[in-house]
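Peer 1: Here is the input, now give the coordinates:
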Amino acid sequence: MRVVLSVLKVTLLVWLSILFLFVLIATLTIGVFDHKLLKEDFYKDQLRDANFYEKVYTNVMPEIKDLPSYYGGLTITEQERDQLIREIIPPQWLQEQVESALHSAIPWLRSETKELNVVIDLVPAKQRAGPVVLQFVEQKLASLPECSPGQGPDLSRIASGEFPDCLPEKPGSAERQAIFEPYMPELSSSINDTIALAPDKLDLVKVAADEWDNGSREKFLDRFHTARTVTDWTINKTGLVLAYLALAVLLLLIALLNLGRLRAMLRWVGGTMLFTALPLLAIGLYAHFAGPGWVEHELETGINDVPASIVKLISDLSGSALKEISWTFMLPAIVITGIGLVLFVLSFLVQRQEATRGD
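Peer 2: Below is the predicted model:
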């Protein structure tokens, strides 16, 4: 009978230890979501630390070819185009729009709001575009070199947004400006008409719905129903507190099953903490040091129809975020591993003291 009870107790202790492992995984995961993935500041910090907004202009914008409406459809060099885009859509304004989108999306993911409206207002950019482009045109024309003798530029191209290679030689700057002034009203009208064709807003939810669910906003948002439900229960209903409470209860049960036997109590409690948290700590370390490289490789080999600069930017952001997330995952695991190690080692010291007293 005693052997049967001993086997049952050991079996129960093993199952409690296994359950502790799964609850610990859930606890660390909830902690990552609660402290990082569902916090606006986490994303703001990642974007800032990765110099995201500057890289958009230096790396990404040169590869985006569908922005001519914002600079009036002018025929200009890529360098001039990038300069105009930076003035029309400045980094500070882009940052404000991204952070505004986060301010709408994160509360929705946390089920704190019912509607998801992630819309970037492009009207201010369009309003800036007209004066910026016209000023650029005047400066560009004023800086053109004088034509060589016998060189006859086609000045009529100015009205359609194309620049001649030179302007006819005329004495005095006032007369020089008078050369291209007749074409400016038509060019100005063309620029304003082209800018007016640019969209007034960018609905990111609609863009995503068009990409993944054939334009169905409802179907796209339904993708997040389960995630929002789980998030609401775990985050908004003190799921992290309950998870840590469950860990404490499991350890208490393990201790009670060894009540009266200090050595066994310390060994089972300490061993459970040590040998369940240690593998998770190893996973966290691997994700911290090797994860960014793995993410970069998967993105570069798995995405083919996106400009390389965008893939690189996403890769940098993802790698940086993974390193910070892994640290959040590891920190409780480090504490539990440390406590478990101390208790496990103490169990052997207690054994030696008991043996010494017995002698």
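Peer 1: tell me the contacts of A287?
Peer 2: By CB atoms under 8 Å, 6 or more residues apart in numbering, the contact list for A287 reads 322, 325-326, 329. In short, each C-beta sits where N, CA and C put it, glycine included.
Peer 1: By neighbour count, which of these wins?
Peer 2: When neighbours are counted by other CB atoms under 10 Å, F329 leads these with 24 neighbours.
Peer 1: Contact partners for that residue?
Peer 2: 28-29, 31-32, 280, 284, 287.
Peer 1: what about it, distance to K219?
Peer 2: Separation of F329 from K219 (CB to CB, to the nearest Å): 32 Å.
Peer 1: what do you get for I158?
Peer 2: Taking CB to CB, one finds I158 at 49 Å from K219.
Peer 1: These two: which has the busier surroundings?
Peer 2: Neighbour count, other CB under 10 Å: between I158 and K219, I158 has more, with 23 against 12.
Peer 1: Centre of the chain to stretch 273-287, how far?
Peer 2: Averaging C-alpha positions (CA atoms, centre = their mean, to the nearest Å) puts stretch 273-287 25 Å from its chain's average.
Peer 1: And for stretch 106-125?
Peer 2: 16 Å.
Peer 1: what does that stretch contact?
Peer 2: Contact partners of stretch 106-125, identified using CB under 8 Å, 6+ apart, comprise 38-40, 43, 70, 88-89, 93, 97, 100-101, 104-105, 198-205, 221, 224, 227-229, 231-232, 235-236.
Peer 1: Looking at that stretch now, give me its mean pLDDT.
Peer 2: The average pLDDT for stretch 106-125 rounds to 88.
Peer 1: Show the end-to-end separation of that stretch, please.
Peer 2: From its first residue to its last, stretch 106-125 covers 25 Å (CA to CA, to the nearest Å).
Peer 1: which sections of the stretch 201-350 of the chain are below the confidence cut-off?
Peer 2: Across the stretch 201-350 of the chain, the ranges flagged by pLDDT under 70 are 236-237.
Peer 1: can you give me the helices in it?
Peer 2: In the stretch 201-350 of the chain, the helices defined using DSSP state H, counting those that start in this stretch lie at 204-212, 217-222, 225-234, 239-257, 262-289, 291-302, 308-358.
Peer 1: residues contacting the closest residue to A308 other than its chain neighbours?
Peer 2: Leaving aside its sequence neighbours, A308 sits nearest to E63 (CB to CB, 6 or more residues apart in numbering; 7.6 Å). Shown in contact with E63 (CB under 8 Å, 6+ apart): 307-310.
Peer 1: Weed out the non-buried ones from these.
Peer 2: Neighbour-count burial (16 or more other CB atoms under 10 Å) is assigned, among the contacts of E63, to 309-310.
Peer 1: can you tell me which two in the contacts of E63 are farthest apart?
Peer 2: Within the contacts of E63, A308 and I310 form the most distant pair, 7.4 Å apart (CB to CB).
Peer 1: for stretch 258-278, which positions count as buried?
Peer 2: Buried positions in stretch 258-278, judged by neighbour count with 16+ other CB under 10 Å: 258, 263-274, 276-278.
Peer 1: typed the wrong thing, it's stretch 132-152
Peer 2: By neighbour count on 16+ other CB under 10 Å, the buried set for stretch 132-152 is 132-134, 136-137, 141, 144.
Peer 1: for stretch 303-317, same thing?
Peer 2: Those would be 309-313, 315-317, for stretch 303-317 by 16+ other CB under 10 Å.
Peer 1: sec struct for I120, please.
Peer 2: The three-state assignment at I120 reads strand, by DSSP: H, G, I helix; E, B strand; the rest coil.
Peer 1: Domain-wise, how is the chain divided?
Peer 2: Listed by automatic domain parsing, the domain ranges of the chain are 1-38+237-354, 63-234.
Peer 1: would JSON lines of these with distance to D49 be doable?
Peer 2: Formatted as JSON lines, these follow (distance: least, CB to CB, whole Å):
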{"stretch": "domain 1-38+237-354", "distance to D49": "6"}
{"stretch": "domain 63-234", "distance to D49": "13"}
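Peer 1: and of those domains, who's closest to K55?
Peer 2: Across those (criterion: CB to CB), the nearest stretch is domain 1-38+237-354, sitting at 5.6 Å.
Peer 1: before we move on, back to that, list just the nearest of the buried residues of stretch 132-152 to V241.
Peer 2: Within the buried residues of stretch 132-152, the smallest distance to V241 is 53.3 Å, found for V132 (CB to CB).
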